[in-house]
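J.: Got a predicted structure plus its sequence, pasted below:
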Amino acid sequence: MATATGETLLEVNGLTVEFGGLAALDDVTFDIKRGEILGLIGPNGAGKTTCFNAITGVYRPTRGTVTFDGAPLGKIKQHKITRRGIARTFQNVRLWGEMTALENVCVGTDARHKTSVFGGIFRTPRHYREERDAVDRGMALLEFVGIGPRAAEKASNLPYGDQRRLEIARAMATEPKLLCLDEPAAGFNPSEKTALMGLIQKIRDDGYTVLLIEHDMRLVMGVTDRIVVLEFGRKIADGSPREVRDNPAVVAAYLGVPDDESA
Ligand SMILES: Nc1ncnc2c1ncn2[C@@H]1O[C@H](COP(=O)(O)OP(=O)(O)OP(=O)(O)O)[C@@H](O)[C@H]1O
């Protein structure tokens, strides 16, 4: 996938999300450049998932704007945001357990299909071609994330780590310009985390832009180009992993919290 790295892909400006008068996100501004891996971190309850939800259309911002690929996201619905080029995974795995790994990914590619309902019902040549393309692309994605040999297995029978990889493949199947990963390493052991770091880098090298929420500091510091830090809904830092690690406000936010429980 070809990308012009360095330009702004996503711009979050003065984003505020309130729940019953309480600001879960308070006037947060940051951007994501094409081709970068941006980490979004902060202690529990800092507003990371709320920020994801506002970007992906789950929540309407109380104030502020999100501009994606040069145009405001405004009040468009979730599925339209997928079509605009933003895909996400969730903190808790959300797969169709009874479907095979390949079918799960093909559902993702469906979001890109151009065949009309007419094409689907009357099985037009375009429909057949798109169906075949979806299978080929789905297989390629399963290989890419490292679970190709499990394509025909029911998603619910896959080991947990492979389910997480499948979620990533399914999100990639929508051909997003921005891939948002919400704690993809949750529940992983150290060697699985190291392997996941490799996969995230491979995804970026393939031309995707990645927004990553992750609790594991070693992973975040090791894989991101830049990190935005939230605390109590406000942005307290924005910089390279080294700058963020040495930032006194960030150190204070995490003080006394062991690495594995932080972020
Ligand atoms: N739908 C909601 N209704 C009310 N309050 C909410 C809602 N979603 C989030 N909040 C509150 O907003 C704040 C930020 O929550 P959020 O889940 O965004 O934090 P987080 O940084 O993702 O935390 P964690 O690391 O624990 O997942 C919290 O105080 C949370 O209780």
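T.: Good, I have the coordinates.
J.: As a check, name the ranges of all helices in the stretch 51-200 of the chain.
T.: Per DSSP state H, counting those that start in this stretch, the stretch 51-200 of the chain carries helices over the ranges 78-84, 101-110, 117-122, 125-145, 160-172, 190-205.
J.: Nearest approach to residue 237 belongs to which of those?
T.: When these are compared by CB to CB, helix 190-205 sits nearest residue 237, at 21.2 Å. Backbone N, C-alpha and C define where each C-beta goes, glycine included.
J.: Okay, angle between that closest one and helix 160-172 too, please.
T.: 10 degrees (axes from the mean of the first three to the mean of the last three CA atoms, to 10 degrees).
J.: Which other helices and strands does helix 190-205 contact?
T.: For helix 190-205, the contact count by 3 or more CB pairs under 8 Å, 6 or more residues apart in numbering; DSSP states H and E identifies strand 37-41, helix 160-172, strand 209-213, helix 217-223 as packing neighbours.
J.: ok and the second one relative to helix 101-110, angle-wise?
T.: Here helix 160-172 points in a direction 20 degrees away from that of helix 101-110 (the same axes, to 10 degrees).
J.: Mind listing what's buried along helix 160-172?
T.: Across helix 160-172, burial judged by 16 or more other CB atoms under 10 Å covers 161-172.
J.: Export the helices and strands packed on helix 190-205 to CSV and append columns for distance to residue 76 and mean pLDDT.
T.: CSV is the format used below for the helices and strands packed on helix 190-205 (distance: least, CB to CB, whole Å; pLDDT from 0 to 100):
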stretch, distance to residue 76, mean pLDDT
strand 37-41, 22, 96
helix 160-172, 18, 94
strand 209-213, 18, 96
helix 217-223, 30, 92
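J.: Relative to residue 134, which of these is closest?
T.: Among the helices and strands packed on helix 190-205, the nearest to residue 134 by CB to CB is helix 160-172 (11.9 Å).
J.: follow-up on the earlier one: mind telling me which of the helices of the stretch 51-200 of the chain the model trusts least?
T.: Mean pLDDT per stretch puts helix 117-122 lowest among the helices of the stretch 51-200 of the chain, at a mean of 52.
J.: Spatially central residue for this structure, please.
T.: With distances taken as CA atoms, centre = their mean, residue 180 lies nearest the centre of the chain, 1.4 Å away.
J.: Nearest spatial neighbour of that one, chain-adjacent residues omitted?
T.: Distances taken as CB to CB, 6 or more residues apart in numbering put residue 88 closest to residue 180, at 4.0 Å, once the chain neighbours are dropped.
J.: Let me know how buried the one you found is, in neighbour terms.
T.: Using other CB atoms under 10 Å, residue 88 has 23 other residues around it.
J.: sorry, back to before: got the helices and strands packed on helix 190-205 as a markdown table, with distance to the ligand columns?
T.: Output for the helices and strands packed on helix 190-205, formatted as a markdown table (distance: least, CB to the nearest ligand atom, whole Å):
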| stretch | distance to the ligand |
| --- | --- |
| strand 37-41 | 8 |
| helix 160-172 | 16 |
| strand 209-213 | 7 |
| helix 217-223 | 12 |
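J.: roughly how far apart are residue 102 and residue 195?
T.: Computed as CB to CB, to the nearest Å, the residue 102 to residue 195 distance reads 21 Å.
J.: same question, residue 58
T.: Residue 58 is 29 Å from residue 195, by CB to CB.
J.: what's the answer for residue 92, then?
T.: 20 Å.
J.: More neighbours: which of the two?
T.: It is residue 195, of residue 92 and residue 195, that has more neighbours when counted by other CB under 10 Å, with 15 against 10.
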